[in-house]
Structure formats: structure tokens, C-alpha cells
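Participant: Here is my input; please provide its structure:
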Amino acid sequence: KAVVVAGCVPQGQPDRGEFGSDVSIVGVQQIHRVVEVVEEAAKGHSVKLLGQQVQPSLDLPKIRRNALVEIVPISVGCLNTCTYCKTKHARGNL
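Facilitator: Take a look at the predicted model:
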């Protein structure tokens, strides 16, 4: 059976022995290609997409229905000091 592992843990530690050499891996910044990876894995190929790329900022206008409610993005103010966080290893500095 084909196995595809995706997310921040395989991105942060792609050489983990428990994944095996026949497992396909999709990193967090390649998740838009998951269908391609699944199709290749179904054919018996092992694919590893772990590339990092700079994502463009989404400068969308803020439309508020309630002036007392604010949306705060979680990536603003990250100090990269949480010892348990795999996101900083997978995505780099936010």
C-alpha cells in the first residue's frame, strides 16, 4: 500500500528512520501538490517534496461587521522560543 506523510513533523525531520524509504513525504509549503504526490505514490513511486519558499503576504482589505472584534493572525509576534514547536523547523521564521 502507498503511504503519504504530510505536515510539519516530516518537514522538520525528513530523515527520521520510522518513515521508511518507500514513504512519500509532503512538506507544509508543498501541500498544494498533495494530489500529485498521492497519484505518484499509487503508481509505486516515492516522492519527497520538502522545498521551502517565501509565501507572499496577503494584503487583503479588512472588512469588519463589528468594530469591537479584531482578527489577530497567530504568526504575528512569534519569537521562535516554544521548544515543542515543529512549525519553526518546518517553515522557518514566521
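Participant: Could you identify the longest helix within the protein?
Facilitator: In the chain, with assignment by DSSP state H, the single longest helix is helix 34-42.
Participant: What's the mean pLDDT across that helix?
Facilitator: Throughout helix 34-42, pLDDT has a mean value of 91.
Participant: Helix or strand next in line after it, which one?
Facilitator: Next in sequence after helix 34-42, counting helices and strands by DSSP states H and E, comes strand 48-49.
Participant: what's in contact with that next one?
Facilitator: Residues from elsewhere that reach strand 48-49 (Cβ atoms under 8 Å, 6 or more residues apart in numbering): 14, 24-27, 30, 33, 37. Placement of C-beta: from N, CA and C, glycine included.
Participant: ChimeraX command for the buried members of these?
Facilitator: In ChimeraX, a selection of the buried entries from the contacts of strand 48-49 looks like this (16 or more other Cβ atoms under 10 Å):
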select :24,25,26,27,30,37
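Participant: Can I get the longest helix of the chain in PDB, CA atoms only?
Facilitator: Taking C-alpha atoms only, helix 34-42 is exported to PDB below (Å, rounded to 0.1, in the frame of the first residue of the first chain):
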ATOM      1  CA  VAL A  34      -0.600  16.600  -2.400                       C
ATOM      2  CA  VAL A  35      -2.800  15.200  -5.200                       C
ATOM      3  CA  GLU A  36       0.200  14.900  -7.400                       C
ATOM      4  CA  VAL A  37       2.100  13.100  -4.600                       C
ATOM      5  CA  VAL A  38      -0.700  10.700  -3.900                       C
ATOM      6  CA  GLU A  39      -1.000   9.800  -7.600                       C
ATOM      7  CA  GLU A  40       2.700   9.100  -7.900                       C
ATOM      8  CA  ALA A  41       2.600   7.000  -4.600                       C
ATOM      9  CA  ALA A  42      -0.300   5.000  -6.000                       C
END
